[in-house]
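> structural data only, the sequence is not supplied:
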């Protein structure tokens, strides 16, 4: 379990105030009302950007689990940036640190080390990890367009918000951007927090990563987190047919038309030799 006392968040006003205001702004739905069209836009913005974060920011940029063209690479980066989770190079660099020190002292967002709230949101709005460690993402930093997006990460989300307002007015802005973004934040953040606490452990990894079917459904496959930590370079995080992994299905379909290629999957010998780790044994260890 996570520690009972959270790590001191030390939020900085320039980061925490916009985060708080986005949550408060969700109350504008009381003024705009609810319509099927607005809810549809909210869900579309949620799922498209969820894919951009899970397939783009995570599986492609952080782990290079498949290959694609420079054009589609930029599209994934730009769409991922609209999720308002900072720059693509910043995100990938910090995620590589997470895997390097998963649930150890150097982990940037471990609920085991620093508590639930730090892992869920404190680390991203606090001042501790603001800089982008370009040394960890030298393979990505060589692209000037990615460096530009990383330095100007507010441009794509502002452009999205403006487009939604111009097309659908206040209703689309509130539902399609504000509500959708807040839902997206907390859905993706659960992988940092809950996926290291609740669920099952198929593999004996060096951390507390868990497989959680409900988180997998919510995040297009990211909830198969113990699988991922066991073989992090795999584009497929749901290793078996019954483990639903929507991001992988989309990437696989894109490979059929040549948009993606060289998708890395777990070797069959590893799947055949899968060792189930029972929870009592894990606790005893």
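That came in fine, so what should we check first? Just so we're clear, the structure is a prediction, and the values are computed from it rather than from any experiment.

> what sits against the spatially closest residue to residue 48 that is not a sequence neighbour?
Excluding its sequence neighbours, the residue lying closest to residue 48 (C-beta to C-beta, 6 or more residues apart in numbering) is residue 79, at 6.8 Å. No exception for glycine: its C-beta is placed from N, CA and C like everyone else's. Taking C-beta atoms under 8 Å, 6 or more residues apart in numbering, we find residue 79 in contact with 48, 49, 51, 52, 56, 156.

> element containing the first one, please.
What that stands for is residue 48. Using DSSP states H and E, residue 48 sits within helix 36-51.

> now do that helix: which elements does it pack against?
helix 70-81, helix 155-172, helix 180-193, helix 246-256 (3 or more C-beta pairs under 8 Å, 6 or more residues apart in numbering; DSSP states H and E).

> ok, 7 Å please
With contacts taken as 3 or more C-beta pairs under 7 Å, 6 or more residues apart in numbering; DSSP states H and E, helix 36-51 sits against helix 155-172, helix 180-193.

> in stretch 204-215, what counts as buried?
205, 207, 208, 209, 210, 211, 212, 215 (16 or more other C-beta atoms under 10 Å).

> got a pLDDT number for the nearest residue to the fourth one once chain neighbours are set aside?
The reference is to residue 209. The shortest distance from residue 209 to any non-neighbouring residue, by C-beta to C-beta, 6+ apart, is to residue 229 (3.9 Å). On the pLDDT scale, residue 229 is placed at 96.

> let's have the chain start at 855 instead
Okay, residue one is now 855; in that scheme the one you just asked about reads as residue 1083.

> any idea which helix or strand carries residue 1083?
Residue 1083 belongs to helix 1079-1084, assigned by DSSP H and E.

> run through who's touching that helix.
With C-beta atoms under 7 Å, 6 or more residues apart in numbering as the test, helix 1079-1084 has contacts from 956, 1045, 1049, 1055-1057, 1059, 1061, 1063-1066, 1091, 1093.

> out of the residues you listed, the closest to residue 929 would be?
residue 1091 (21.6 Å; C-beta to C-beta).

> excluding chain neighbours, what is closest to that closest one?
In space, residue 1091 is closest to residue 1078, 4.3 Å off (C-beta to C-beta, 6+ apart).

> likewise for residue 961?
residue 955 (4.5 Å).

> now the one you found: how far from residue 1059?
Applying C-beta to C-beta, to the nearest Å, the value for residue 955 to residue 1059 is 13 Å.

> tell me the secondary structure for residue 1124?
helix (DSSP: H, G, I helix; E, B strand; the rest coil).

> residues contacting it?
Residue 1124 touches residue 1085, counting by C-beta under 7 Å, 6+ apart.

> swap the cut-off to 10 Å and go again
Contacts for residue 1124 (C-beta atoms under 10 Å, 6 or more residues apart in numbering) come out as 1057, 1084, 1085, 1088, 1093.

> for the residue lying closest to residue 983 once chain neighbours are set aside, helix, strand, or coil?
Closest residue to residue 983 apart from its sequence neighbours, by C-beta to C-beta, 6+ apart: residue 962 at 5.5 Å. Here residue 962 is coil, with the state taken from three-state DSSP.

> tally up the residues packed near the closest residue to residue 898 other than its chain neighbours, please.
Leaving out its chain neighbours, the residue that sits closest to residue 898 by C-beta to C-beta, 6+ apart is residue 1030, at 7.7 Å. Residues lying near residue 1030 (other C-beta atoms under 10 Å) number 27.
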